[in-house]
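A.B. asks: Everything below, folded, please.
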Amino acid sequence: MAGRIEDYALIGDMQTAALVCRDGTVDWLCLPRFDSHAIFAGLLGTEEHGFWRLGPAHAADAQPPTAARRSYRGDSLILESEWDTPRGTVRVTDFMPPRDGAPQLIRIVEGVTGRVPMRSALRMRFSYGRVVPWVHKHEGRTVAVAGPDSVWFDTEAETYGKSLTTYSDFTVAPGDRIAFTISWEPSHKRPPALPEPEQSLEATESFWREWVEQCTYHGPYREAVVRSLITLKALTYAPTGGIVAAPTTSLPEDIGGVRNWDYRYTWLRDAAITLSSLLRTGYREEARAWREWLLRAVAGDPENLQIMYGIAGERELGEAELDWLPGYEDSAPVRVGNGAAHQLQLDVYGEVTEALHLAHMTGLARNDYASLLQLKLIRYLEDHWQEPDEGIWEVRGPRRHFVHSKVMAWVAVDRTIKLIESGDADGPLERWRELRDDIHRDVCEKGYDKERNTFTQSYGSQELDASLLLIPQMGFLPPDDKRVIGTIEAIQRELSTSDGFILRYPTEGQSEGVDGLPGDEGAFLACSFWMADDLAMIGRVDEARKLFEKLLALRNDLGLLAEEWDPRLQRQVGNFPQAFSHVPLIDTALRLTASGAYGG
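C.D. replies: Below is the predicted model of the structure:
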């Protein structure tokens with residue numbers, strides 16, 4: 001059985017990523033890309049669907065021992081786990097070197113004290129656990145082949161096969177270092193080069209050290225900010241600059257429920273806010289690469305802007321269910337692909353335009369096509385902003401006039417007006433100023449409940465929505481406006497959990513709610529960070545700091561966050577780690593630092 005979501009560590013090479021549990025088991029790895037088929041899919045099923053466990057030997061009928069300690073090596077993505085056993089202490093170092101050739105996952109076992117019996121158990125299953133590969137020896141190396149894929153296993157330790165699994169049993173003493181590596185290569189090509197684990201470890205550590213040195217944030221929350229930045233970098237697909245929302249699929253928002261989605265794609269919304277955080281912490285090259293990815297993905301067709309694309313800009317992300325996988329803790333169905341790709345979400349135009357605006361304001365080299373794209377997006381909005389849409393949360397129910405979508409349409413027009421006013425673009429300035437005023441007036445008249453003094457989720461509705469917390473952050477209304485304060489207080493009353501975190505919107509248990517789905521979900525962590533931002537903006541800075549530090553305490557021992565927090569089960573839920581949680585963590589840390597609202 002897979003571990004709790006927060007029991008996992010992330011390692012990756014900025015093209016794919018693996019999740020490593022506290023007991024030394026790799027339960028998730030897709031090769032060669034984030035969105036490729038998994039060769040270890042035990043996370044969404046059982047050991048029969050693929051895993052790689054490396055740790056102290058244990059009885060066949062006993063649970064694998066969990067590491068007594070684990071941490072990342074400094075500011076890196078190199079995981080170090082230590083086990084204390086009756087016979088001594090052992091350390092395992094797990095990492096994926098930034099790719100220069102075949103993708104590799106390297107595991108180095110090091111004896112610390114005593115003599116510790118160890119075991120490696122490697123069960124490769126291709127196509128999300130469905131296909132058993134042909135495992136054989138080739139010139140002294142172990143290789144698993146199925147269809148277009150081959151995975152090569154290299155180690156100095158003796159290996160043997162049993163029950164369709166490759167084992168190594170060995171003992172380590174102080175000073176011993178034994179490496180294990182898997183490398184992927186298309187099955188029709190020559191074998192990948194023999195790995196050099198120690199050199200790769202040194203190069204990987206140097207890469208992360210040099211990358212983190214670029215960070216311009218040196219405030220009181222630096223540890224949390226840097227770990228979040230490393231996580232965001234790990235979720236970036238280096239060849240194209242696309243940023244995945246998470247490296248996993250179908251980790252449930254509701255344990256045992258159906259709210260299970262594939263997040264291994266690039267949402268324009270998530271990537272745009274990620275760009276914002278990277279720019280404000282000194283990472284201009286990543287911002288430039290993402291802007292180039294955006295221009296390629298959208299290409300000459302901004303009128304048909306999708307809300308998400310593949311990591312290389314692919315448009316077709318057809319959704320399917322993998323019925324041979326039982327799902328994480330029986331949360332079915334397991335989905336790959338994402339049918340929401342072709343939804344209409346008008347807020348995306350605002351997020352993309354805001355990101356391009358910020359890039360321009362922070363001095364990123366001008367790109368004429370980026371300015372042209374921005375103008376084309378506004379021309380589309382001129383004709384379509386009054387339409388209902390599926391909104392920021394990708395509801396599977398009927399389209400509505402979501403207030404947040406209209407606010408972000410206003411943002412798109414407002415930022416484009418500023419671009420024209422700066423002299424860096426030409427457009428119908430007066431006409432778009434009128435458009436900006438029309439959208440603003442429409443939202444304030446139709447999306448605001450005067451009796452309750454709060455904006456609502458959609459025109460004519462009574463429900464609240466945590467996305468309304470972005471109204472002051474986007475500059476739609478000033479923080480001291482009574483309607484803003486009323487909305488913040490209404491969300492605190494109606495969408496807070498018992499421990500003070502924020503739900504996205506009301507759900508209806510087993511009845512279908514506004515999102516067209518049965519079941520409930522946890523507190524959405526991004527929304528909880530937005531609440532902390534808003535509280536700081538309206539002068540309730542001590543309350544903002546306390547909420548922020550409660551949110552930091554939800555991170556696992558390695559500083560990682562999933563999408564949501566289940567207040568009933570007191571555990572993380574949803575895909576993991578989640579860019580949309582780590583980005584607002586950075587933003588809130590920057591805001592609180594600027595305001596001086598931090599304590600000991």
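
A.B. asks: CA atoms of the helix or strand that contains Leu585 as PDB?
C.D. replies: Assigned by DSSP states H and E, Leu585 belongs to helix 579-595. Coordinates of the C-alpha atoms in helix 579-595 are reproduced here as PDB (Å, rounded to 0.1, in the frame of the first residue of the first chain):
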ATOM      1  CA  ALA A 579       2.800  24.400  -8.100                       C
ATOM      2  CA  PHE A 580      -0.400  26.200  -7.300                       C
ATOM      3  CA  SER A 581       0.300  25.800  -3.500                       C
ATOM      4  CA  HIS A 582       4.000  26.700  -3.600                       C
ATOM      5  CA  VAL A 583       3.600  29.900  -5.700                       C
ATOM      6  CA  PRO A 584       1.200  31.700  -3.300                       C
ATOM      7  CA  LEU A 585       3.500  30.600  -0.400                       C
ATOM      8  CA  ILE A 586       6.200  32.600  -2.100                       C
ATOM      9  CA  ASP A 587       3.900  35.500  -2.800                       C
ATOM     10  CA  THR A 588       2.600  35.700   0.800                       C
ATOM     11  CA  ALA A 589       6.200  35.500   2.200                       C
ATOM     12  CA  LEU A 590       7.200  38.400   0.000                       C
ATOM     13  CA  ARG A 591       4.200  40.400   1.100                       C
ATOM     14  CA  LEU A 592       4.600  39.800   4.800                       C
ATOM     15  CA  THR A 593       8.300  40.500   4.600                       C
ATOM     16  CA  ALA A 594       7.600  43.800   2.800                       C
ATOM     17  CA  SER A 595       5.100  44.800   5.500                       C
END
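
A.B. asks: Now it: buried residues?
C.D. replies: Burial within helix 579-595, assessed by neighbour count using 16 or more other C-beta atoms under 10 Å, is assigned to 579-593. Glycine gets a C-beta too; all of them are placed from N, C-alpha and C.

A.B. asks: From the chain's centroid, how far away is stretch 76-95?
C.D. replies: Centroid separation between stretch 76-95 and its chain, computed with C-alpha atoms, centre = their mean, to the nearest Å, is 26 Å.

A.B. asks: Need the distance between the two termini of it.
C.D. replies: With C-alpha to C-alpha, to the nearest Å as the measure, the first residue of stretch 76-95 is 10 Å from its last.

A.B. asks: Enumerate the positions of that stretch that are buried.
C.D. replies: Result for stretch 76-95 [16+ other C-beta under 10 Å]: buried residues 76-81, 83-85, 88-95.

A.B. asks: How about stretch 550-557?
C.D. replies: Result for stretch 550-557 [16+ other C-beta under 10 Å]: buried residues 551-552, 554-556.

A.B. asks: try stretch 352-367
C.D. replies: Residues of stretch 352-367 classed as buried: 352-360, 364, 367 (neighbour count, 16+ other C-beta under 10 Å).

A.B. asks: of all the residues you listed, which two lie farthest apart?
C.D. replies: Taking C-beta to C-beta, the two most distant members of those are Glu354 and Asn367; they sit 16.1 Å apart.

A.B. asks: what ranges of the stretch 301-450 of the chain fall below the confidence cut-off?
C.D. replies: Applying pLDDT under 70 to the stretch 301-450 of the chain flags residues 302.

A.B. asks: would you list every one of the helices in it?
C.D. replies: 347-361, 368-384, 403-421, 429-446 (DSSP state H, counting those that start in this stretch).

A.B. asks: Nearest to Tyr8 among those would be which one?
C.D. replies: Tyr8 sits nearest to helix 347-361 of all the helices of the stretch 301-450 of the chain, at 28.6 Å, using C-beta to C-beta.

A.B. asks: burial count for the residue lying closest to Asp480 once chain neighbours are set aside?
C.D. replies: Among residues not flanking Asp480 along the chain, Ile538 sits closest, at 6.9 Å (C-beta to C-beta, 6 or more residues apart in numbering). Using other C-beta atoms under 10 Å, Ile538 is surrounded by 19 other residues.

A.B. asks: Look up how far Arg591 lies from Ile538.
C.D. replies: Look at Ile538 and Arg591: by C-beta to C-beta, to the nearest Å, they are 12 Å apart.
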